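Asker: could you look at this predicted model? Sequence included:
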Amino acid sequence: MDYITSSGLFDIDYSIGEPCQKTNVKQIAARILPPLYSLVFIFGFVGNLLVVLTLINCKKLKSMTDIYLLNLAVSDLLFLLTLPFWAHYATDGWVFGEAACRLFTGLYHTGYFGGIFFIILLTVDRYLAIVHAVFALKARTVTFGVMTSVVTWGVVILASLPSIIFTELLEEDLYYSCGTSFPVKWKHFHTITKAVLSLVLPLLVMVVCYSGILKTLLRCRNEKKLKAVRLIFTIMIIYFLFWTPYTVVLVLTTFPGPFGLDNCESSNRLDQAMQVTETLGMTHCCINPIIYAFVGEKFRRYISAFFRRHVAKRLCKQCPMFYRETADRASSAYTPSTGEQEVSAGL
């Protein structure tokens, strides 16, 4: 979260060489963000919590893919926990103190980078399972999935540290702002790092991995493997659609000179674009469960089984139809010969 600190309708900005009257986008955000973030929080929290419960209770975390999907859902939940506070911040400023400001800024970036890295790991996992199937039998184990997840969380924390360190409260006319305030060189470094990790790296991984996957599938077409690729590919494409505009605007805002944007009108538009694109990106944390529901037919079956076993049975104990062990039948899709659970067909 970056600072937007003025409390009036307009802000006079002198940083671009001349006085510049800028529309304060926080006035617009105060009307739009609270209801939007509330809806995203409700749907995202319920959806990702269902994913976590389904993976633990129905799928029993039997494959490396399950481990990565669980961590992806946890990343989204961490991100979602910050939304109610940003919604309140949009209307009344930051009233929770500096410690909470650092905490939720840290959770924001941890969830952000965690989501990126586990999508990358899922893509590499699909690549190994399809292109290097023999090697994958030994490498794609639950133990290795846990180990790589622990290392990934360490990298996530390192990537989030600069934002946490440079987070502070600013006071302006009794209005407190919570955000990151980087020195110029650190701001340039942070933007470049963020662009590389959130755009260049996943794009490179996607091109390399899906090129290899496509060649393999064209050589020996397999419907089950095709469904597996479809799910992870959809997750990555949706990620790019939601977060790429923000990353592009962040680069343009940090380096306006080379793009001829260091003037008042362009600066004003970039401020508005930053608010719109970051808001779009922040809604992404509720999208993955929707992808599972529409693309992963097994996920729908597991959800049905979960409700039958843990919800419907308690609401209607005399209904024998709820005692069918649907989840056990669904989990029988696990095949020791390939090490693939039906995430190979979509969660």
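Answerer: Good, I have the coordinates. Residues are numbered from 1 along each chain as shown.
Asker: use CA for all of it now, contacts and neighbours both
Answerer: Will do.
Asker: okay, helices next: where are they in the stretch 201-347 of the chain?
Answerer: 201-219, 223-254, 264-282, 288-295, 297-307, 313-315, 326-331 (DSSP state H, counting those that start in this stretch).
Asker: which one of those helices has the lowest average pLDDT?
Answerer: Mean pLDDT is lowest for helix 326-331 among the helices of the stretch 201-347 of the chain, at a mean of 45.
Asker: what are the ranges of the strands in this structure?
Answerer: 10-13, 20-23, 167-172, 175-180 (DSSP state E).
Asker: tell me what angle the third one forms with strand 175-180.
Answerer: Put simply, strand 167-172 runs at 150 degrees to strand 175-180, going by axes from the mean of the first three to the mean of the last three C-alpha atoms, to 10 degrees.
Asker: what lines up beside strand 167-172 in the sheet?
Answerer: Strand pairing for strand 167-172, determined by DSSP bridges: strand 175-180 (antiparallel).
Asker: any idea of the mean pLDDT for the strand it pairs with?
Answerer: The average pLDDT within strand 175-180 is 87.
Asker: now it: buried residues?
Answerer: By 16 or more other C-alpha atoms under 10 Å, the buried positions in strand 175-180 come out as 176, 177, 178, 179, 180.
Asker: would TSV of these with distance to residue 152 be doable?
Answerer: Output for the buried residues of strand 175-180, formatted as TSV (distance: C-alpha to C-alpha, whole Å):
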residue	distance to residue 152
176	34
177	31
178	27
179	25
180	24
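Asker: biggest separation within these, which pair?
Answerer: Among those, the pair separated by the greatest distance (C-alpha to C-alpha) is 176 and 180, at 13.1 Å.
Asker: any stretches of the stretch 51-200 of the chain with poor pLDDT?
Answerer: Within the stretch 51-200 of the chain, not a single segment meets pLDDT under 70.
Asker: now with 90, please.
Answerer: Applying pLDDT under 90 to the stretch 51-200 of the chain picks out residues 53-62, 91-93, 133-139, 169-177, 179-181.
Asker: quick one: the helices in the stretch 51-200 of the chain, in order.
Answerer: 64-92, 98-131, 133-139, 142-165, 184-195.
Asker: ok, back up a step: and of the helices of the stretch 201-347 of the chain, who's closest to residue 54?
Answerer: So among the helices of the stretch 201-347 of the chain, helix 297-307 is nearest, using C-alpha to C-alpha, at 6.5 Å.
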